[in-house]
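S.K.: got a structure for you, letters missing:
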């Protein structure tokens, strides 16, 4: 009789694992349930291995949204869970996602719940997803939960796309400007330097500054590359440390224009995530913990964990939200109204809709402000270089004419 390794939770919620002899995975799963143990992963010893990650591929958020939408339709149509996973895995273009879904299907066939099977693949399914799936399985509304997950992910994709599209134009213009200025200092200015040296004319201050910059670029061009690489690596190292990430995120939130946009994005994500979790039946304390972990901002994460601790002590959610200083008064007031009326989930969704529209408007306004500013800076920089190169020639022509 084969030996299987298993993991799961007992009736008190404690994690349990071990080895047992059983005719098959299904038989062991049934045996564990009779003992009031919720099975997680069940694998035949020596033949199967856990596969938490597959290669270096990354699963796209868009693929997840499509997966949840299709999954909900199949469950609503009455197809068995294992068959749904098999069909969805076969239709995935991403090899990483296909192998992940096949792994989930194999674990479910072994007797595990869908939520526990998904927990083995944290790179694909985060805590928010697995907790909502678990709530859906417990309440018998898995199709509804999958629809909510699809809606949530689609809105997150739309929000991220709006921000990215707003940043493409200014980033492209700045990049092109740096290339043009570098090419002028590297190739064009040295020609004028040789010309002025041959003529032996006195150079005005702007021309000498441009010549000095050109000489620096000629001899130390690698300093710019090293500086950019060092800056990127330094930021990554700072963000790896919890306190470093906290102060870096706090600095971003306090920046003049970008800070306001990032704060609106953070509030929109927080209210959307928490509202989706509460609507799906996840307790508010657990929902706050999940929202904090998935917020993507260390300042917001710390504030939400303080709010969670205050609620554990018996306080309402409004006062700790107001005290943390991260959320606008309008947000805390609306959440307070929702808590008082027992409709906090609906109120959170309305706040999220409002702030997502605010983000769209803010990105458009920021782009409208950045366009003339960038074009003006680009014109002044390139025009200043060109004028500084022609100033000695103008002086010579005026002298000869005199």
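M.R.: Everything's here; your move. Computed from a prediction, not measured in an experiment: that's the story for all the values here. Residues are numbered from 1 along each chain as shown.

S.K.: Show me where the stretch 1-150 of the chain has its strands.
M.R.: Shown for the stretch 1-150 of the chain, the strands assigned by DSSP state E, counting those that start in this stretch span residues 3-9, 15-21, 38-44.

S.K.: what's the single longest helix in the chain?
M.R.: Assignment by DSSP state H gives helix 344-401 as the longest helix of the chain.

S.K.: From the contact counts, what lies against that one?
M.R.: Judged by 3 or more Cβ pairs under 8 Å, 6 or more residues apart in numbering; DSSP states H and E, the packing partners of helix 344-401 are helix 142-183, helix 189-199, helix 205-240, helix 258-279, helix 329-341. In short, each C-beta sits where N, CA and C put it, glycine included.

S.K.: from those, which stretch is densest packed?
M.R.: Of all the helices and strands packed on helix 344-401, helix 258-279 carries the top mean neighbour count, a mean of 22, counting by mean count of other Cβ atoms under 10 Å.

S.K.: looking at the helices and strands packed on helix 344-401, which is closest to residue 37?
M.R.: With respect to residue 37, and counting by Cβ to Cβ, the nearest of the helices and strands packed on helix 344-401 is helix 142-183 at 21.7 Å.

S.K.: Specify the angle between that closest one and helix 258-279 in degrees.
M.R.: 170 degrees (axes from the mean of the first three to the mean of the last three Cα atoms, to 10 degrees).

S.K.: okay, the angle between helix 142-183 and helix 344-401?
M.R.: 10 degrees.

S.K.: list the helices and strands helix 142-183 packs on?
M.R.: The contact analysis (3+ Cβ pairs under 8 Å, 6+ apart) places helix 142-183 against helix 61-76, helix 127-139, helix 258-279, helix 344-401.

S.K.: Break this protein down into its structural domains.
M.R.: According to automatic domain parsing, the chain is divided into the following domains: 1-49, 162-402.

S.K.: what's the spacing between the longest helix of the chain and its chain's center?
M.R.: Helix 344-401 sits 26 Å away from the centroid of its parent chain (Cα atoms, centre = their mean, to the nearest Å).

S.K.: what does stretch 310-330 give?
M.R.: Distance of stretch 310-330 from its chain centroid, counting by Cα atoms, centre = their mean, is 25 Å.

S.K.: quick one: low-confidence parts of the stretch 151-300 of the chain?
M.R.: Within the stretch 151-300 of the chain, the stretches with pLDDT under 70 are 200.

S.K.: Now stretch 68-88: buried residues?
M.R.: Using 16 or more other Cβ atoms under 10 Å as the test for burial, stretch 68-88 gives 68-72, 74-75, 81, 84-86, 88.
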